[in-house]
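Student: just need the structure, nothing else, for what follows:
(2 chains)
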Amino acid sequence: MSNSSGGIRSWLASPTTGLEEDPAHGEHLRPATRVACAFDMQGPVDNLKAALRDAVEAAGASTDAFDKVSLEPPKEASFGDFATNAALIVAKSAGSNPREFAERLGAQLEQSLGAQLTSWEVAGPGFLNLTLGDAWYSSSLEEIRAAGESFGSADQQGEGEKVIVEFVSANPTGPLTAAGGRHAAYGDSLARILEFSGNRVEREYYVNDAGAQVNRLGQSIIARANGEEVPEDGYSGDYVIELANEIPDSASGDPDAVARVGVEILVGRIKATLERYGVQFDKWFSEATLHDDADSRVTKACDALQRGGHVFTEDGALWLRSTDFGDDKDRVLVRSGGQPTYFAADIAYHADKLARADQLIDVWGADHHGYMARMHAAVEALGDEPERLELVIMQFVNLVEGGDRAQMSKRRGDFVTLDDLLDEIGVDAARWFMLQRSHDTMVDLDLDLARERSAENPVYYVQYAHARAASVIDKAGVGVPAIPSELAELHDSEKTLIRRLASWPEELAEAAERRAPHRICAFALVLAQEFTAFYRDCRIVGAPDNERDFRIALADAAKTQIATALTLLGVSAPNEL
RNA sequence: GCGCCCGUAGCUCAGUGGAUAGAGCGCUUGCCUCCGGAGCAAGAGGUCGCAGGUUCGAAUCCUGCCGGGCGCGCCA
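Tutor: Numbers count the residues shown, from 1 in each chain, chains lettered A, B, ... in the order given. Reported below is the predicted structural model:
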């Protein structure tokens, strides 16, 4: 960004480094339409909810507003295992008041759930608190274990919508920055979550290998090859000197040709960095290919807009009347000199993507939010529904060291690359720390904490719980037995853990719908904590056989779910640390 | 000036209509004959930026302010 200010993030993506965020990538807005989740309701909690729904009907109320009904473990343990606000929502439709209706609901559930329900009570304005029996816990664990690794995932993989997630797309004029690591972690994790939810997902990187910045790269390389300073607006990083040395005849070469080779090399490095980071793109889309031929896709896109009557000529330039679609200004498509703008190419690119998918998700940097309105306007002008393009805006990331927004950079003009960061804290910590906060919050990444290989570091804490589960199962030495039919009374820690496991499908759906991988981090952390509490309270090795076997099954289910969660984050789940 | 995001514990942040607002870090105090102490437990710490409004119920929704970040090119 040629015009961004200096300051805190300047060493991440600073004008003086010449590192540019991907162009054109703006801000955020949340279309009402979301990618549908392909999976059907399933799992123990859904069974309960189905029973609740039946009870609502049996008690004479409408289920029209049932999607507003919650059924979840209350914060306060004395309120039972699950609490529902159903009566508060539907009582009116039965001509009843909430407390009275909750009584009816309780009685109905008592009948339908039998031994699974130990007791119930009506509380407050009309909450119904349920206390479940060990029978429910046992059968729930059974169900979770039967589903195995796919618990919470779509019944039919790939039956959902086809989604293209475009992310990173950083200009190939320099190495990937640490900030790019946030985009990469987010986009990839979101893609994994959507895949797990049954969608067909393609990860795509838009390579801005055309336009003025590529030319500037060529000029900069040539200048360096001749031992000169780079031109104003050039790229001054040391990597340009490396490129100058690497590219044969760069001192006397044609700027475009030199630039092309430079871009090729840099794209290769970006690819390698991302691969190291665990991110694989399905498609690297070259902007230059949009400009090929006289009859290019950019020209076609402009023609299409013209046919739609959405363009006009002024001052020798061709404009899109984007104000017709909510933008605050009209935008130039073709400059008076005849060259298409970046925007025009981006429209062609999005037209191409729209033809290839049901839903588009673009992940953009926060400094591009001003670009959102025109992009949506363009989609609409093309005759498409703007909701099909979803723009997710990533806020910035700062690296913090020693309690300060740190000078990790050695000197002015340097910046922290993603590779530098990975050298410092490793892939697992980097991905976790990049993901654990919501995309619309600016984050400070604490390098000291991220480096820590102890329980103070959440990512190691979660991995530790996983390794511990593996270890104790191994130590018991009887494999993973079936859940015994005769059970001793369950410990509160066992029940708490099973409730958590059972809540996974719902949590996952939430993360998918809200495009919120950070929820998976939060879930994994709580799950690890609750597993650890169970491990502390319920001895496995040396316990009576039926208790031991039940607990092994539970530990194994927890281990599986921790591993699944970490996989969705792109973090490893080793059996030993 | 206009637009987008953010404002919750000392710090970094979860929590997009439910009951006494949570986690991690930091701080205080305990716990190793005990399946991994790379651990566990307890505690202190908050006018959810401010003011109105909607609701049986608001950190959450609406309006207006204040503060911070970012953006408003025939750049990408």
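Student: helices of the stretch 101-250 of chain A, start to end?
Tutor: With helices called from DSSP state H, counting those that start in this stretch, the stretch 101-250 of chain A shows them at A:134-147, A:178-196, A:212-225, A:238-246.
Student: how far is stretch A:449-466 from where the chain is centred?
Tutor: 21 Å (C-alpha atoms, centre = their mean, to the nearest Å).
Student: and what of stretch A:558-577?
Tutor: 16 Å.
Student: keeping just the C-alphas, turn it into PDB.
Tutor: This file holds the C-alpha atoms of stretch A:558-577, laid out as PDB (Å, rounded to 0.1, in the frame of the first residue of the first chain):
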ATOM      1  CA  ALA A 558     -11.700 -37.000  23.700                       C
ATOM      2  CA  LYS A 559      -8.400 -37.800  22.100                       C
ATOM      3  CA  THR A 560     -10.100 -38.200  18.700                       C
ATOM      4  CA  GLN A 561     -12.000 -35.000  19.100                       C
ATOM      5  CA  ILE A 562      -8.900 -33.000  20.100                       C
ATOM      6  CA  ALA A 563      -7.100 -34.400  17.100                       C
ATOM      7  CA  THR A 564     -10.000 -33.500  14.800                       C
ATOM      8  CA  ALA A 565     -10.200 -29.900  16.100                       C
ATOM      9  CA  LEU A 566      -6.400 -29.400  15.800                       C
ATOM     10  CA  THR A 567      -6.500 -30.800  12.200                       C
ATOM     11  CA  LEU A 568      -9.100 -28.300  11.300                       C
ATOM     12  CA  LEU A 569      -6.800 -25.600  12.600                       C
ATOM     13  CA  GLY A 570      -3.800 -27.100  10.700                       C
ATOM     14  CA  VAL A 571      -2.100 -27.900  14.000                       C
ATOM     15  CA  SER A 572      -0.500 -31.300  14.600                       C
ATOM     16  CA  ALA A 573      -1.700 -33.700  17.200                       C
ATOM     17  CA  PRO A 574       1.200 -35.900  18.200                       C
ATOM     18  CA  ASN A 575       0.900 -38.900  20.400                       C
ATOM     19  CA  GLU A 576       4.100 -37.900  22.200                       C
ATOM     20  CA  LEU A 577       5.500 -34.500  22.800                       C
END
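Student: and that stretch, does that touch RNA strand B?
Tutor: Yes. With C-beta under 7 Å from any atom of the strand as the criterion, RNA strand B is reached by stretch A:558-577 at A:Asn575, A:Glu576, A:Leu577. Where you see a C-beta, it was placed from the backbone N, CA and C, and this is true even at glycine.
Student: out of the helices of the stretch 101-250 of chain A, which gets nearest to A:Leu490?
Tutor: A:Leu490 lies closest to helix A:134-147 among those, at 4.9 Å (C-beta to C-beta).
Student: neighbouring contacts of that closest one?
Tutor: For helix A:134-147, contacts defined as C-beta atoms under 8 Å, 6 or more residues apart in numbering pick out A:42-44, A:47-48, A:113, A:115-117, A:151, A:483, A:487, A:489-490, A:494-495, A:498, A:501-502, A:550, A:553-554, A:556-557, A:561.
Student: thinking again about what came up before, got the helices of the stretch 101-250 of chain A as JSON lines, with mean pLDDT and distance to A:Leu88 columns?
Tutor: JSON lines is the format used below for the helices of the stretch 101-250 of chain A (pLDDT from 0 to 100; distance: least, C-beta to C-beta, whole Å):
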{"stretch": "helix A:134-147", "mean pLDDT": "95", "distance to A:Leu88": "24"}
{"stretch": "helix A:178-196", "mean pLDDT": "95", "distance to A:Leu88": "31"}
{"stretch": "helix A:212-225", "mean pLDDT": "93", "distance to A:Leu88": "57"}
{"stretch": "helix A:238-246", "mean pLDDT": "94", "distance to A:Leu88": "61"}
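Student: check what pLDDT A:Thr63 gets.
Tutor: What the model reports as pLDDT for A:Thr63 is 89.
Student: quick one, phi psi at the residue lying closest to A:Leu71 once chain neighbours are set aside?
Tutor: With sequence-adjacent residues excluded and distances taken as C-beta to C-beta, 6 or more residues apart in numbering, A:Leu71 is closest to A:Thr84, at 4.6 Å. Main-chain torsions, A:Thr84, degrees, to the nearest 10: phi -130, psi 150.
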